[in-house]
Structures are given as structure tokens and as C-alpha cells.
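Engineer: let me see the structure of the following:
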Amino acid sequence: MVLDLHTHTTASDGTLKPMELVEKAKLIGLEVLAITDHDTITGFHQIDETVYKDPKLLLIRGVEISAEYPTDSLHILGYNFDNSEKVEKVLNELIEYRNKRNELILEKMNQHGFKLTMEELKEVAKGKAIG
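Structural biologist: Numbers count the residues shown, from 1 in each chain. Below you'll find the predicted structure:
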């Protein structure tokens, strides 16, 4: 069985849109694909429902959740959950936390001589997750 259980799309820091990733997975012969974007499942809203009925590719709903441990940052992979409002709410809270953290990091960088605004950072990121 050929599979990839840890992939990212343009919904976080990947280079392919969700449907492009699905098509590429089919093209290279993957049988199982899990899309695990950072702290978001918005990419799944862009996937055609017919993909889930394709017998040649099992698409697994996933997410890579950012977490903090006292001594380090962790990434926890979650798989095969319901597309519920509760999941979206928790992930939106994580994104809000990340955005606040990014503002603090940017502030510290600017205190050390960098001259960069959040708007410039977002422009460079081109819609991808920052931080």
C-alpha cells in the first residue's frame, strides 16, 4: 500500500491547492492520502465531494495541531475526525493565538533593528500560515 499521512496544502504552508494535491496523489499512485495542514481544516472545504467516492484513493481528513510543552513546541497529528463546528472553533482559537504570538515576535525583532510590519509579512507569506 502506498500512502502519505502528512501533507500540507496552500491552506497552510504547502505549495499545492487541496484539489491539486489530490490530483497529484492520484497521478503518482498513492492509495491513501491524509491532508494535515497546520491548525486548519479549511482546505477540505475546497475538495470536490466526488473525491471521497473514488475507490482508487482513500482521502483522510487530518490536521497538524500546534501545541506548547514547557520546554518545547510540539505538532500533534489528528486523523479522521468529524467536520464539526467544535473542531473549527478550537482551530480558530489556535490561529488567533498564533497571530498574537507573531505580533509579539515581530515587536521583538523590530526592537533589535528589523523594520518589518505585519502587513509586509503577510504579503510575503501570500496567504499561508505565518509562524
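Engineer: what residues are up against the most centrally placed residue in the chain?
Structural biologist: The centroid of the chain falls nearest to Asp37 when counting by C-alpha atoms, centre = their mean (2.1 Å). Shown in contact with Asp37 (C-beta atoms under 8 Å, 6 or more residues apart in numbering): 8-9, 11-12, 14, 43, 63-64, 129. Where you see a C-beta, it was placed from the backbone N, CA and C, and this is true even at glycine.
Engineer: now do it against Glu120, distance only.
Structural biologist: Shown here: Asp37 relative to Glu120, a distance of 24 Å by C-beta to C-beta, to the nearest Å.
Engineer: next: Ile105.
Structural biologist: Distance from Ile105 to Glu120, by C-beta to C-beta: 14 Å.
Engineer: find the nearest non-adjacent residue to the residue nearest to the centre of the chain, please.
Structural biologist: Ser12 (3.8 Å; C-beta to C-beta, 6 or more residues apart in numbering).
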